[in-house]
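Enquirer: Pasting a predicted model and its sequence here:
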Amino acid sequence: MADVMRSPGPDEEPAEDPSGEETAAERGDRTSDTGTGSAGKGKKRKKGSFWWELFVLVGTALVLTVLLQMFVARVFVIPSQSMMDTLHGCPGCNNDRILVDKITYRFSDPQPGDVVVFSGPDSWMEGESGGTESANPVVGFFRRAGALLHIVSPGEKDFVKRVIATGGQTVECCDPQNRVLVDGQPLDEPYIHWSGESRTQEEFGPVTVPEDHLWVMGDNRNNSLDSRYQGGGGRAGAVPVDNVIGKAQFVVLPLTRWQSIYEENPQTRALGAAPEGAANSSGAGGLGYLTVVPAAWAVRRGSPSVTRADIREYH
């Protein structure tokens, strides 16, 4: 008598296929179970990976931002009129943002005609409150890093001026034509801006600039508190070269004023020689140009790789 096929009872195991092969239903069940388990594990791994990658990405961006601004280039805001018309700045208006190259002066010294950003020396900071640097190097590092990221207020007071004379030179004002003299030679300064009706410079000097110092003045000659007045004037008004942060190369914002910064040497112009700054009048030369232009492009594209910090100026 032929065997009667029946479904297995609730307590019975399903009969095995005599051929030893799995049934289609079994294969389907196992495939479904395996697929579901893999998908679940994959989702867990993907979620954890996303947060880790985000953490690494943000951390890397912050580190690169700090390193870029500390060692390569940084954007500063011009809030005052002391460098008009070369640099625009005034309360309530669209102030210039300038790109300051920190590479150039690692290989050369500031020269007459350069527009430099520097930290105010002690003689300039007398009577100023706040902004003291911590004696703890670790605290100082994190304070500077926080200032670069605008997490804390900058600890230093920064200025932007034009170099007129360097260490060992004697500067004074003025000759009968109302010109500043360096080592007895009158300067040719086409960048001077006169605010108000007066076009007469106030007399000072002669002052011999100490070695490793700079004599700096504003282009808005009668509206700038610079080496002539800071620290009481004289040698105390000179700025140590070590205080120089970098060389101003470009106006990067607003876009309508995108341009290089005029930096011809007024001493060589006065002597009738070929201007040493001719190569620099386009903004930057050599190594400085190669390092500054990519950073400037990043600023125009809105990249956070270079952040902005105000320059403290006095009229």
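Expert: Yes, it's here. Residues are numbered from 1 along each chain as shown.
Enquirer: my guess is Leu253 meets Arg97, correct?
Expert: Yes. Applying CB atoms under 8 Å, one finds Leu253 in contact with Arg97, separated by 3.9 Å. All C-beta atoms are positioned from the backbone trio N, CA, C, and that covers glycine.
Enquirer: can you pull out the strands in the chain?
Expert: Assigned by DSSP state E, the chain shows strands spanning 73-77, 97-101, 115-119, 158-166, 170-173, 180-182, 185-186, 204-208, 213-217, 239-240, 244-253, 259-260, 308-310.
Enquirer: The fourth one pairs with which strands, parallel or anti?
Expert: Sheet pairing here is set by DSSP bridges, and for strand 158-166 it gives strand 115-119 (antiparallel), strand 213-217 (antiparallel).
Enquirer: Name the residues that touch the first one?
Expert: Read it as strand 115-119. Residues from elsewhere that reach strand 115-119 (CB atoms under 8 Å, 6 or more residues apart in numbering): 76, 83, 86-87, 98, 100, 110, 156-163, 214, 216, 239, 243-248, 261, 263, 311.
Enquirer: now do stretch 197-212
Expert: Contacts of stretch 197-212 (CB under 8 Å, 6+ apart): 165-174, 178, 180, 215, 221-222, 228, 233-235, 237-238, 240-242.
Enquirer: which among those residues end up buried?
Expert: 165-167, 169, 171-174, 180, 215, 221-222, 228, 237-238, 240-241 (16 or more other CB atoms under 10 Å).
Enquirer: What are the buried residues along stretch 71-81?
Expert: 72-76, 78-81.
Enquirer: now those in TSV, with distance to Asp122 and pLDDT?
Expert: Formatted as TSV, the buried residues of stretch 71-81 follow (distance: CB to CB, whole Å; pLDDT from 0 to 100):
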residue	distance to Asp122	pLDDT
Val72	27	78
Ala73	27	80
Arg74	23	86
Val75	27	85
Phe76	21	87
Ile78	24	89
Pro79	23	85
Ser80	21	87
Gln81	26	90
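Enquirer: okay, the residues you listed in TSV with distance to Gln201 next?
Expert: Formatted as TSV, these follow (distance: CB to CB, whole Å):
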residue	distance to Gln201
Val72	37
Ala73	33
Arg74	32
Val75	31
Phe76	27
Ile78	22
Pro79	24
Ser80	19
Gln81	17
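Enquirer: which one of those is nearest Val63?
Expert: Of all these, Val63 sits closest to Val72, with 13.3 Å by CB to CB.
Enquirer: My guess is that closest one contacts Val100. True?
Expert: No. Using CB under 8 Å, Val72 is not in contact with Val100, being 10.0 Å away.
Enquirer: what residue ranges in the stretch 101-250 of the chain score low on pLDDT?
Expert: For the stretch 101-250 of the chain, the stretches flagged by pLDDT under 70 are 127-156.
Enquirer: For it, just list every one of the helices.
Expert: Applying DSSP state H, counting those that start in this stretch to the stretch 101-250 of the chain gives helices spanning 122-125, 137-148.
Enquirer: From Leu87, how far off is Ile98?
Expert: Using CB to CB, to the nearest Å, Ile98 is found at 6 Å from Leu87.
Enquirer: which neighbours do those two share?
Expert: 78, 160, 248, 251, 261.
Enquirer: The closest residue to the first one other than its chain neighbours - how many residues pack around it?
Expert: In this case it means Ile78. The shortest distance from Ile78 to any non-neighbouring residue, by CB to CB, 6 or more residues apart in numbering, is to Gly89 (3.7 Å). Gly89: 21 surrounding residues under other CB atoms under 10 Å.
Enquirer: who's in contact with Gly89?
Expert: Going by CB under 8 Å, 6+ apart, Gly89 touches 77-83, 95-96, 313.
Enquirer: do that again at 10 Å, thanks
Expert: 77-83, 95-96, 98, 160, 220, 311, 313 (CB atoms under 10 Å, 6 or more residues apart in numbering).
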